[in-house]
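**Q** model this:
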Amino acid sequence: MAALEIRIYGDPILRQKAAAIDPIPEDMEELVEDMFETMQAANGIGLAAPQIGEAISLCVVDVGLIEDGREPEAFINPEILEEYGDDAAMEEGCLSIPGLAEDVTRKEAIRLAYQSLDGKRHELECDGLLARVLQHEIDHLHGILFVDRLGSFKRRLMNKKLRQLFLKK
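**A** Numbers count the residues shown, from 1 in each chain. I've put the predicted structure just below:
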């Protein structure tokens, strides 16, 4: 296992739509383990494959940080089937946009379809922080960053900081 480089705001891969994984390659488990290590080394709760330079539909979430007794989990080809509940604002940050955070409004709950490493299809209903993290990571798979979900005023305020981050790369 090895921690991988996290791509930073301005890297074009962060704006690409990730490709579906079909079939699931035999070495996928190794990539997933590297992503877990990378996420944990960066003190993250979730990580999408484009953030480590892979434009594939894969994300990992350290579910144990959200629900006691759970292990980190890989979500292959995740798709939000339904968003429901109230809109809720909560501060979000991103490993690809270090040092910046802002309140983002998302639905409180989702129903999700995905595949596990063994290729089996699953559905998951979740709410709260797990739903938020999955929505954030699935956005990455569509080339969407949390700053894209901000209102125009907040985004204008953040643009100067984003430009500085881009110039540091």
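
**Q** can you give me the buried ones in stretch 5-17?
**A** 6-11, 13-14 (16 or more other Cβ atoms under 10 Å). In short, each C-beta sits where N, CA and C put it, glycine included.

**Q** need the max-distance pair from the residues you listed.
**A** Ile6 and Gly10 (12.7 Å; Cβ to Cβ).

**Q** for stretch 60-70, measure first residue to last.
**A** 13 Å (Cα to Cα, to the nearest Å).

**Q** run through who's touching it.
**A** With contact meaning Cβ atoms under 8 Å, 6 or more residues apart in numbering, stretch 60-70 is reached by 32, 35-36, 39-40, 44-47, 71-75, 128-130, 133-134, 137.

**Q** filter the residues you listed to the buried ones?
**A** 32, 35-36, 39-40, 44-47, 72-75, 130, 133-134, 137.

**Q** ok, longest helix in the protein?
**A** helix 152-168 (DSSP state H).

**Q** from the rest of the structure, what touches it?
**A** With Cβ under 8 Å, 6+ apart, helix 152-168 has contacts from 8-10, 97-100, 102, 147, 150.

**Q** what does stretch 22-29 give?
**A** 21, 58, 76-77, 115, 117, 119.

**Q** may I see the buried residues of that stretch?
**A** 24, 28.
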